[in-house]
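Participant: please find the sequence and the predicted model below.
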Amino acid sequence: MGSKSAQGDRCMSLKKAATAVREKAYAPYSNFKVGAAVRGASGAIYSGCNVENVAYPEGTCAEAGAIAAMVAAGETKLTEVVVIADSPLPISPCGGCRQKLAEFGGPDTPVILLTVQGQEQVTNLAELLPGAFSTEHMEKS
Ligand code: THU
């Protein structure tokens, strides 16, 4: 198997994980189910869905769930992200999730945004969060 198709296969399993976990989303208030999957540096896949709450601000995004699963498994680096929703155009991670993903990924980390209908947009963390707040900003001047 060539490296390109191996890469495609790897991405496919991440897409499958995000697609499957989306069905589990608890979204009775927005009726907008989101699935996310991240690949840890070990190669393992972690997935998460949005979990809403009657106290609306207490709801959590799919990306946050996937990141929490990764960290709970002992990993703190991610190499690839997939997010999927039933939206007219590929889902765009919210600002908070961009910062959460940037905590564990690098600027070149690929982020694949999908619709359940099959539209796809490939971007990366630097494009999603230009000028990200980082530890550099906390250094004393
Ligand atoms: N949502 C996510 O899970 N991820 C995003 O990047 C955008 C929004 C969820 C939060 C809420 O449960 C629903 O989508 C509508 O905002």
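Facilitator: That came through, no problem. Values in this document were obtained by computation on a predicted structure and should not be read as measured data.
Participant: contacts only, for Thr115.
Facilitator: Thr115 is in contact with 84-91, counting by Cβ atoms under 8 Å, 6 or more residues apart in numbering. C-beta here means a position set from N, CA and C on the backbone, and glycine is covered the same way.
Participant: try 10 Å
Facilitator: Going by Cβ atoms under 10 Å, 6 or more residues apart in numbering, Thr115 touches 84-91, 121.
Participant: what do you get for Thr109?
Facilitator: Thr109 makes contacts with 38-39, 77-81, 101-102, 123-126, 128, as judged by Cβ under 10 Å, 6+ apart.
Participant: tell me where the protein has strands.
Facilitator: All strands of the chain, identified by DSSP state E, fall at 34-40, 45-49, 78-85, 110-115, 120-124.
Participant: tell me which of those sits nearest to the ligand.
Facilitator: The closest of the strands of the chain to the ligand is strand 34-40. By Cβ to the nearest ligand atom, the value is 3.5 Å.
Participant: now for that closest one, which elements pack on it?
Facilitator: Under the contact definition 3 or more Cβ pairs under 10 Å, 6 or more residues apart in numbering; DSSP states H and E, strand 34-40 sits against helix 3-22, strand 45-49, helix 62-72, strand 78-85, helix 95-104, strand 110-115.
Participant: check the offset of the shortest one from the chain's centre.
Facilitator: Relative to the centre of its chain, strand 45-49 is centred 8 Å away, using Cα atoms, centre = their mean, to the nearest Å.
Participant: for the strands of the chain, which one ends up most surrounded?
Facilitator: strand 34-40 (a mean of 27; mean count of other Cβ atoms under 10 Å).
Participant: could you check the angle that strand makes with helix 62-72?
Facilitator: Here the directions of strand 34-40 and helix 62-72 differ by 30 degrees (axes from the mean of the first three to the mean of the last three Cα atoms, to 10 degrees).
Participant: from the chain's centroid, how far away is strand 34-40?
Facilitator: 5 Å.
Participant: and it with the ligand, contact?
Facilitator: Yes. Strand 34-40 is in contact with the ligand by Cβ under 6 Å from any ligand atom, via Val34.
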